[in-house]
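Q: Predicted model and sequence follow; I will ask about them next.
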Amino acid sequence: MGQLLFTRDHEWVRLEGGVATVGITHHAAEALGDLVFVELPDLGRPVMAGETVAVVESVKAASDVYAPLSGTVIEVNQALADDPALGNRDPGGEGWFYKLALETDPDLSGLLDIHEYRALLEE
Amino acid sequence: MRGSVLEQELLSAPSDALKTTPLDALHREQGARMVPFAGWSMPVQYKAGIIAEHLHCRARAGLFDVSHMGQISLRGQGADRELEALVPADIARLPRGRQRYTQFLNQAGGIIDDLMVSRLAGRLFLVVNAANATRDLDHLRIFLPPQIEVIAHPERALLALQGPRAGSVLARFVPATSAMRFMDVIEDRIMGEDAVISRSGYTGEDGFEISLPAGIAEKFARALLECPEVALVGLGARDTLRLEAGLCLHGQDIGPKINPIAAGLGWSIPRRRRMMGDFTGADAVRAALRDGVSHKRVGIRPEGRAVARAHTAIVDQNGDVLGEVCSGGFSPTLNAPIAMGYVRFDRVGVGSQIFLQVRGQNLPAQIVDLPFVAQQYRKED
């Protein structure tokens, strides 16, 4: 399944062979509540780590989704855009947002492992 | 990801300065997510979530804890005439057992607060917004003559039971409610205690608001929840329900800088009051009626699925500003975004295409009639 990492902004990143799949964590989906709109990035868009690449709206509010790493958008989850509630039902799986083709040797130093992320939630 | 809700969830430590309602323990037991609201700890949603709670209220019966709202009695000879100096509704001729919607206005005709006024035996009974309750009490005590007693009711809870099954449910507990029509008010007994029940609410559905002593509120709420039609609904769905019904939220859609004519609330000011002009703010209201207003509150249907929130700029095809969104959200009933906003009525009207500036894009939308979802009030027997 590759390596699973997290950001401090409650995204998850799965690294597999130079490709990062990005989604929002279960905690984030819970905190946002019912998702009603997801705006995904254009295919082929180059993004820098920390840049806003997607928007997710719940009934209550809009939130930006940031790029955890630099790369190029190579795939977006159209099923999520068509049915944003997928992001509540399965945030860590079917509710993924987009995939990035990474640069060689991506800098993973800003990301958290599962233990560090859990510690962040408990703070 | 980053956004207001998440930040609030993660950063705000629970504050012990918040007031709690008599149903606090019930909310927590039912898995409510509690948030600070107007100085109160209130349930924004339960386990079902805002959309499910919203749809339940439209289909069956939703139970809301609105005990944070201010309940006020006015006693004393001539309280009705005296209150008329502060609000533009017809209070003097309000029959016993009836309720009216009105507003406290300032000298400029701006809306200090909006409220419900009922005539009960020997008193007027007011329900005001939580965020303004203290200010409203001051306003009443300052401007009403000393012989009118202004009594706050922190000892009472307020529940709302709303939805197509609200009538059949409440009739099991208070049979007299089955004869009530929209905006009727009765005083009756619930669990042996004094209750004030109005057939009104803030959802666009048929339903009731029930004022009862705090001491029996949880017991009565649990009894209602025993009915299979009834489920708890939080403030999140209360907001989406009222927005679908085209109802104003004070502090967002109406406020001290907006007069009732611009807000589309002219229907709540009867002819006698307009003619006499004997209420605070009357000059401004009459000027607005005579000369018209630059901006009016309208309904807005965005074409896509993106939600336009409050303060979103409304522009024309050339990018010229027409106004601003005051309330925007997602309609679970229509499964689409909806909004209300103030627009220049000399430039656009119902049916006009407009554009909403969301995240740097101009999203097409249309001005529509309010409400978005037809009101279901019980006006006939």
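A: Looks like it arrived, so ask away. Numbering: from 1, shown residues only, chains lettered A, B, ... in the order given.
Q: use CA for all of it now, contacts and neighbours both
A: Will do.
Q: in chain B, which segments are predicted with low confidence?
A: Across chain B, the ranges flagged by pLDDT under 70 are B:1-16, B:381.
Q: swap in chain A?
A: A:1.
Q: That one against chain B: which residues are in contact?
A: Contact residues, chain A versus chain B (C-alpha under 8 Å from any C-alpha of the partner chain): A:9-11, A:24, A:28, A:31-34, A:36-38, A:57, A:59-66.
Q: among the residues you listed, which are in helices?
A: A:28, A:31-32 (DSSP state H).
Q: Turn the residues you listed into JSON lines, including distance to B:Phe37 and neighbour count.
A: Formatted as JSON lines, those follow (distance: C-alpha to C-alpha, whole Å; neighbours: other C-alpha atoms under 10 Å in any protein chain shown):
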{"residue": "A:Ala28", "distance to B:Phe37": "22", "neighbour count": "21"}
{"residue": "A:Ala31", "distance to B:Phe37": "17", "neighbour count": "17"}
{"residue": "A:Leu32", "distance to B:Phe37": "17", "neighbour count": "23"}
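Q: now those as TSV including distance to B:Ile91?
A: Below are those laid out as TSV (distance: C-alpha to C-alpha, whole Å):
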residue	distance to B:Ile91
A:Ala28	49
A:Ala31	45
A:Leu32	44
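Q: for the chain, longest helix please?
A: No chain in the question, so chain A it is. helix A:114-122.
Q: Switch to chain B, please.
A: helix B:214-226.
Q: Any buried residues in it, and which?
A: By neighbour count with 16 or more other C-alpha atoms under 10 Å in any protein chain shown, helix B:214-226 contains the buried residues B:214, B:216-218, B:220-221, B:224-225.
Q: and of the residues you listed, the nearest to chain A?
A: Proximity of these to chain A (C-alpha to the nearest C-alpha) peaks at B:Leu225, which lies at 23.4 Å.
Q: Can you show me the CA trace of stretch B:30-37 as PDB?
A: The C-alpha coordinates for stretch B:30-37 follow below in PDB (Å, rounded to 0.1, in the frame of the first residue of the first chain):
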ATOM      1  CA  GLN B  30     -27.200  12.200  22.300                       C
ATOM      2  CA  GLY B  31     -23.800  12.800  20.800                       C
ATOM      3  CA  ALA B  32     -24.200  16.500  20.100                       C
ATOM      4  CA  ARG B  33     -21.300  18.600  18.900                       C
ATOM      5  CA  MET B  34     -21.500  21.600  21.200                       C
ATOM      6  CA  VAL B  35     -20.400  25.000  20.000                       C
ATOM      7  CA  PRO B  36     -20.400  28.500  21.500                       C
ATOM      8  CA  PHE B  37     -23.300  30.500  20.200                       C
END
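Q: which residues sit against it?
A: B:18, B:28, B:41-47, B:234 (C-alpha atoms under 8 Å, 6 or more residues apart in numbering or on different chains).
Q: again, but for stretch B:98-109
A: For stretch B:98-109, using C-alpha under 8 Å, 6+ apart, the contacting residues are B:86-89, B:91, B:94, B:111-119, B:183-185, B:198, B:256-260, B:268-269, B:280-285.
Q: Using PyMOL, make a named selection holding only the buried ones among the residues you listed.
A: To isolate in PyMOL the members of the contacts of stretch B:98-109 that are buried, counting by 16+ other C-alpha under 10 Å, one can use:
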select buried, chain B and resi 86+87+88+89+91+94+111+112+113+114+115+116+117+118+119+183+184+185+198+256+258+259+260+268+269+280+281+282+283+284+285
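Q: Among the contacts of stretch B:98-109, name the ones in helices.
A: Reading helices off the contacts of stretch B:98-109 with DSSP H, I get B:282-285.
Q: Using a markdown table, lay out the residues you listed together with distance to chain A.
A: As requested, the ones in helices among the contacts of stretch B:98-109 are arranged in a markdown table below (distance: C-alpha to the nearest C-alpha, whole Å):
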| residue | distance to chain A |
| --- | --- |
| B:Ala282 | 37 |
| B:Asp283 | 39 |
| B:Ala284 | 35 |
| B:Val285 | 34 |
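Q: Now tabulate the contacts of stretch B:30-37 in a markdown table and tack on distance to B:Asp346, secondary structure and neighbour count.
A: Listed next are these as a markdown table, based on distance: C-alpha to C-alpha, whole Å; DSSP: H, G, I helix; E, B strand; the rest coil; neighbours: other C-alpha atoms under 10 Å in any protein chain shown:
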| residue | distance to B:Asp346 | secondary structure | neighbour count |
| --- | --- | --- | --- |
| B:Leu18 | 45 | coil | 15 |
| B:Arg28 | 50 | helix | 13 |
| B:Ser41 | 43 | strand | 21 |
| B:Met42 | 41 | strand | 26 |
| B:Pro43 | 41 | strand | 26 |
| B:Val44 | 39 | strand | 21 |
| B:Gln45 | 40 | strand | 26 |
| B:Tyr46 | 44 | coil | 23 |
| B:Lys47 | 46 | coil | 14 |
| B:Gly234 | 39 | coil | 26 |
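Q: Greatest separation within those residues: which pair is it?
A: Using C-alpha to C-alpha, the two most remote members of the contacts of stretch B:30-37 are B:Leu18 and B:Lys47, lying 22.3 Å apart.
Q: Which parts of chain A are strands?
A: A:3-6, A:11-16, A:19-24, A:35-39, A:46-47, A:52-58, A:62-66, A:71-76, A:98-102 (DSSP state E).
Q: wait, which of the ones you listed is closest to B:Leu289?
A: strand A:62-66 (37.9 Å).
Q: And the helices in the stretch 51-200 of chain B, which stretches?
A: Here the stretch 51-200 of chain B has its helices, by DSSP state H, counting those that start in this stretch, at B:79-84, B:133-143, B:166-173.
Q: Quick check, central residue of chain A?
A: Nearest to the geometric centre of chain A sits A:Gly23, at 2.7 Å (C-alpha atoms, centre = their mean).
Q: which residues does that one contact?
A: Contacts for A:Gly23 (C-alpha under 8 Å, 6+ apart) come out as A:11-13, A:91-92, A:95-98.
Q: May I have the longest helix of chain B exported as CSV, CA atoms only?
A: What follows is helix B:214-226 as a C-alpha-only set of coordinates in CSV (Å, rounded to 0.1, in the frame of the first residue of the first chain):
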residue,chain,number,x,y,z
ALA,B,214,-36.5,24.7,33.0
GLY,B,215,-37.1,22.0,35.6
ILE,B,216,-39.3,19.9,33.4
ALA,B,217,-37.7,20.6,30.0
GLU,B,218,-35.5,17.6,29.9
LYS,B,219,-38.3,15.3,31.0
PHE,B,220,-40.6,16.7,28.4
ALA,B,221,-38.0,16.6,25.7
ARG,B,222,-37.4,12.9,26.5
ALA,B,223,-41.1,12.2,26.4
LEU,B,224,-41.3,13.8,22.9
LEU,B,225,-38.3,11.8,21.7
GLU,B,226,-40.1,8.6,22.7
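Q: Mind listing what's buried along whichever helix or strand comes after it?
A: Next along the chain after helix B:214-226, taking DSSP states H and E as the criterion, comes strand B:230-232. Within strand B:230-232, the residues scored as buried using 16+ other C-alpha under 10 Å are B:230-232.
Q: and strand B:230-232, what does it pack onto?
A: helix B:50-59, strand B:61-65, helix B:214-226 (3 or more C-alpha pairs under 8 Å, 6 or more residues apart in numbering or on different chains; DSSP states H and E).
Q: what's in contact with it?
A: Under the contact criterion C-alpha under 8 Å, 6+ apart, strand B:230-232 has outside partners B:46, B:53, B:56-57, B:60-64, B:224-225.
Q: re earlier: can you redo the helices and strands packed on strand B:230-232 as TSV with distance to A:Val47?
A: Below are these laid out as TSV (distance: least, C-alpha to C-alpha, whole Å):
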stretch	distance to A:Val47
helix B:50-59	34
strand B:61-65	45
helix B:214-226	51
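Q: What residues are bridge-paired with residue 75?
A: Unless you meant another one, I'm taking chain A. As for beta bridges, A:Glu75 partners with A:Lys99 under DSSP bridges.
Q: wrong one, chain B
A: B:Glu149.
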